[in-house]
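Engineer: Structural data only, the sequence is not supplied:
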């Protein structure tokens, strides 16, 4: 799809589906799967500066009432937290042994002009709100040890969509999107949609203390954070005269410049040591298994 | 869910999901699966007298490009036929061998007050627009012989949602719903939601000539038609002074009285020979496998 959301009049519409074994681990607590299904959709609204208005759930049942109740409690918790009423949906049975496929449609009301991916211009600064890499680092810990716990695992399981930040930035953004598949991949998507080239400075990545403690902060760690995905951060292209630090004053989220849009089509990556060759994999491409 | 749709201001929202091996046969042509996914959702809008406004698709991919292209061509055909723009959605990979799960969210604009399931009153006549049983008879033919063809198979594969009929009836209906899980089951749902009892006369069922040719029209055939499901007919509770034959003049769909809502909670079934014991299975309950 060309953008994270569809716009219909003053409505912003998004639908995200998550698949067991693809987007979450079968061993993840059902509550966190419910929370994440809400979060991925709310993060799309955040990237458009929209106010949540209502949701429809597509729930597949596999006969495990306890799993489904726990999943619903996690979903309801995040919907309640962000004031999003669950209006309806559909419940269908799955054949025995089939992986769960869970979908949510979310409607929002636009707070004003909706920033697309394609409005960026050469010279716009690329601002990143929210750390990247924590969720991928948490997933790596869980893959190594399903009983792993800690801040990174918590971020993987219970991401926070940045709705307030998105609503504050949207009126000023040339282009905006949420970083869900890896910063490098998503930044390239924004640049490509905007007909621009791209420079990203790995040295400025906002890495959390927990991330630094687990994986360090060298070039390999920064490339891991920039390609890991599942971040729920926001990437905004802002004209050089816009100062988001003033706009976001009073909010708690860190926002930093991670690069800029350029003329021409090149994608230049660098860190404090100099140019960095583009990794083969820029993010999570949703390739077929 | 308590109703087929959710209502948000003047918006009518519905989401239906279909699962391979549950809602359609793995051997069904992909185009017909796409058509049906559109039809099940449009039929929900029809039951609320709503005008299609936009759709979001949740598409699972299993690496069979040809299947997915054919599926999309069938979906696009019905959406184009009914003037429903596909606005966006999500595409996700499935693990190898997993059954496909295909979801569509459809938004409509209400044409006026939206009839619910629960507005029926004792004395309302139950009108059924569209034949019942054809689709279930077609499915039975395909189950016996995957190469079966004919009118009943065509109806199973390519049902027609009754949007014009729904829009004409909605302003006059105390309650309305589409008959998708079997007439007896859905009629009981409407009566229960309305706090009424129910009398259904099997003798008046609108059976198509193709259905009569394939299965006859005795009590067993009529019970099959009234419980088979997958019908895309509309069931409307109309006050006795409303004459839908006048309202629908000029349209092609047959509409007949199949019963009425009553005081008290009883469900009375009859045909030309007298009372009929309620069958154990009133329709397709979406039980877990």
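Structural biologist: Received it, and whenever you're ready, just let me know what you need. From a predicted model like this one, the values you see are computed outputs, not experimental measurements. Numbering: from 1, shown residues only, chains lettered A, B, ... in the order given.
Engineer: wait, what's in contact with the closest residue to residue A:227 other than its chain neighbours?
Structural biologist: Nearest non-adjacent residue to residue A:227, counting by C-beta to C-beta, 6 or more residues apart in numbering or on different chains: residue A:182, 4.4 Å away. No exception for glycine: its C-beta is placed from N, CA and C like everyone else's. The contact partners of residue A:182, taken as C-beta atoms under 8 Å, 6 or more residues apart in numbering or on different chains, are A:226, A:227, A:228, A:229, A:231, A:282, A:283, A:284.
Engineer: Break chain A down into its domains, please.
Structural biologist: Domains of chain A are assigned by automatic domain parsing as A:6-110, A:125-275.
Engineer: Could you give the average pLDDT over the last one?
Structural biologist: Mean pLDDT, computed over domain A:125-275, is 95.
Engineer: out of the domains of chain A, nearest to residue B:244?
Structural biologist: Among those, the nearest to residue B:244 by C-beta to C-beta is domain A:6-110 (27.4 Å).
Engineer: That closest one near chain B at all?
Structural biologist: Yes - Domain A:6-110 lies within reach of chain B by C-beta under 8 Å from any C-beta of the partner chain, at A:6, A:8, A:11, A:13-23, A:53-54, A:56-58, A:60-63, A:87-96, A:98-99, A:101, A:103, A:105, A:107.
Engineer: tell me how far the ends of stretch A:238-249 are from each other?
Structural biologist: By C-alpha to C-alpha, to the nearest Å, the extent of stretch A:238-249 from end to end equals 16 Å.
Engineer: For it, which outside residues touch it?
Structural biologist: Residues from elsewhere that reach stretch A:238-249 (C-beta under 8 Å, 6+ apart): A:121, A:123-125, A:127, A:129, A:165, A:168-169, A:172-174, A:236, A:255.
Engineer: now with 7 Å?
Structural biologist: Residues outside stretch A:238-249 that contact it (C-beta atoms under 7 Å, 6 or more residues apart in numbering or on different chains) are A:123, A:124, A:125, A:127, A:165, A:168, A:169, A:172, A:173, A:174, A:255.
Engineer: One more: stretch A:75-95?
Structural biologist: Taking C-beta under 7 Å, 6+ apart as the rule, stretch A:75-95 contacts A:34-35, A:37-39, A:42, A:52, A:54-62, A:100, A:106, A:163, B:1, B:5-6, B:8, B:13, B:15-17, B:19, B:21-22, B:99, B:286-289.
Engineer: quick one: buried residues of it?
Structural biologist: A:75-76, A:78-79, A:82, A:84, A:86-90, A:92-94 (16 or more other C-beta atoms under 10 Å in any protein chain shown).
Engineer: With distance to residue A:112 as extra columns, can I get the residues you listed in JSON lines?
Structural biologist: Shown next, in JSON lines, are the buried residues of stretch A:75-95 (distance: C-beta to C-beta, whole Å):
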{"residue": "A:75", "distance to residue A:112": "29"}
{"residue": "A:76", "distance to residue A:112": "30"}
{"residue": "A:78", "distance to residue A:112": "25"}
{"residue": "A:79", "distance to residue A:112": "24"}
{"residue": "A:82", "distance to residue A:112": "19"}
{"residue": "A:84", "distance to residue A:112": "20"}
{"residue": "A:86", "distance to residue A:112": "26"}
{"residue": "A:87", "distance to residue A:112": "24"}
{"residue": "A:88", "distance to residue A:112": "28"}
{"residue": "A:89", "distance to residue A:112": "29"}
{"residue": "A:90", "distance to residue A:112": "33"}
{"residue": "A:92", "distance to residue A:112": "37"}
{"residue": "A:93", "distance to residue A:112": "43"}
{"residue": "A:94", "distance to residue A:112": "41"}
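Engineer: Looking at these, which are in strands?
Structural biologist: With DSSP state E as the criterion, strands contain A:86, A:87, A:88, A:89, A:90, A:92, A:93 from among these.
Engineer: Most widely separated two among those?
Structural biologist: Greatest spacing in those, by C-beta to C-beta: A:87 and A:93 (22.1 Å).
Engineer: pull the longest strand from chain A.
Structural biologist: Secondary structure of chain A per DSSP E: the longest strand is strand A:50-61.
Engineer: what lines up beside it in the sheet?
Structural biologist: Strand A:50-61 has its sheet partners listed here by DSSP bridges as strand A:86-93 (parallel), strand A:101-110 (antiparallel).
Engineer: Worst mean pLDDT among the ones you listed?
Structural biologist: With a mean of 92, strand A:86-93 has the lowest mean pLDDT of the strands paired with strand A:50-61.
Engineer: and that strand, how far out from the chain's middle?
Structural biologist: Averaging C-alpha positions (C-alpha atoms, centre = their mean, to the nearest Å) puts strand A:86-93 24 Å from its chain's average.
Engineer: and what of stretch A:85-92?
Structural biologist: So, by C-alpha atoms, centre = their mean, the centroid of stretch A:85-92 is 23 Å from its chain's centroid.
Engineer: Check stretch A:248-261 too.
Structural biologist: With C-alpha atoms, centre = their mean as the basis, stretch A:248-261 stands 15 Å off its chain's centre.
Engineer: Endpoint to endpoint, it covers what distance?
Structural biologist: One end of stretch A:248-261 sits 22 Å from the other (C-alpha to C-alpha).
Engineer: Next: stretch A:17-27.
Structural biologist: Stretch A:17-27 stretches 18 Å from its first residue to its last (C-alpha to C-alpha).
Engineer: ok, and what's touching that stretch?
Structural biologist: Contacts of stretch A:17-27 (C-beta under 7 Å, 6+ apart): A:33, A:36-37, A:40, A:99-103, A:142, A:146, B:58, B:90, B:92-95, B:103.
Engineer: Quick one, which of those are buried?
Structural biologist: Neighbour counting with 16+ other C-beta under 10 Å marks A:33, A:36-37, A:40, A:99-103, A:142, B:58, B:90, B:92-94, B:103 as buried within the contacts of stretch A:17-27.
Engineer: nearest to residue A:214, of those residues?
Structural biologist: Nearest member of those to residue A:214, counting by C-beta to C-beta, is residue A:142, at 12.3 Å.
Engineer: bridging residues for the residue lying closest to residue A:45 once chain neighbours are set aside?
Structural biologist: Nearest residue to residue A:45 in three dimensions, chain neighbours excluded: residue A:108, at 4.3 Å (C-beta to C-beta, 6+ apart). Here residue A:108 sits in beta bridges with residue A:12, residue A:52, going by DSSP bridges.
Engineer: so what's residue A:146 up against?
Structural biologist: Here residue A:146 is in contact with residue A:27 (C-beta under 7 Å, 6+ apart).
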